[in-house]
Structure formats: C-alpha cells, structure tokens
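S.K.: Build me a structure from this.
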Amino acid sequence: MKSNQLLFSRRRNRVRTGISKRAKGRFRLSVFRSGRHIYAQVIDDSEGRTLAAASSLDKDMRSKGNINPGMDVAGAVGKLIASRAKDAGINKVVFDRGAYLYHGRVRALADAAREAGLSF
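M.R.: Numbering: from 1, shown residues only. Here you go, the predicted model:
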C-alpha cells in the first residue's frame, strides 16, 4: 500500500501539470491548508517569486479575531489575497488548489477572491 504522502504528492503534481498547460503566462494563486490555518500566495512561476501572500496568521486577520479555522476565515483570507494582488497590479490568475478537493475552505477562499475582483 502506498503512503498518504506519496498519493498527496502525485495529486498535487497532476493538478500542477494541468495548470501549467492552461496558464498561458498568468500568475498562479496557490492554496495550502493545514488543520488550523489556511495560506494563499500569488506566484510568478517564470521567475520563481511570490508576488502577494495572505494567511490566517497575518496581523490583519489576528486583529479582527479571525484565527480559528473555518469557512469564514478562509473567505477573509480570499478577500485579503485579492486586495493584495490588485495592489500588485494582478487581475487574472490561475487557481492552484494543490492536492485538495475544491470543497470547503478551499472553495470559500476561491469564491471570496472572485468576489473581491480576482478573475480565474
């Protein structure tokens, strides 16, 4: 039986391969979620640089009291990453869900980022 880490990395690589085929020069909005927090980054793959980042650990999020995991925190992180990306001059990205299902916190982050003006 294969380990969960191996299966996870295979899913992530499969998703990223599809993204690289569809990207057409756009930046990548990558999502990572742990048991307690959620993180998002806008990445320029051609240069290997992070252009904007947001997480549930940011000072902006902690000052609002949003530190517990959940859909509302993921939505707030989605709005925050969209505003930071717009400040950096980025309007179109490709969504990279990693190996996670497009469900729950990942979907809440994506929907909030779309509502805040990011298109993908």
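
S.K.: all helices of this protein, in order?
M.R.: In the chain, the helices defined using DSSP state H lie at 4-22, 59-63, 71-87, 105-115.

S.K.: These: lowest mean pLDDT?
M.R.: When the helices of the chain are compared on mean pLDDT, helix 59-63 scores lowest, with a mean of 79.

S.K.: Show me what that one packs onto, helices and strands only.
M.R.: helix 71-87 (3 or more C-beta pairs under 8 Å, 6 or more residues apart in numbering; DSSP states H and E). Placement of C-beta: from N, CA and C, glycine included.

S.K.: hmm, back to that, need the helices of the chain in CSV with distance to residue 32, can you?
M.R.: Listed next are the helices of the chain as CSV, based on distance: least, C-beta to C-beta, whole Å:
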stretch, distance to residue 32
helix 4-22, 10
helix 59-63, 15
helix 71-87, 11
helix 105-115, 10
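
S.K.: Save the ones you listed as a markdown table, and put in distance to residue 98 and mean neighbour count too.
M.R.: Below are the helices of the chain laid out as a markdown table (distance: least, C-beta to C-beta, whole Å; neighbours: other C-beta atoms under 10 Å):
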| stretch | distance to residue 98 | mean neighbour count |
| --- | --- | --- |
| helix 4-22 | 5 | 12 |
| helix 59-63 | 21 | 12 |
| helix 71-87 | 14 | 21 |
| helix 105-115 | 8 | 20 |
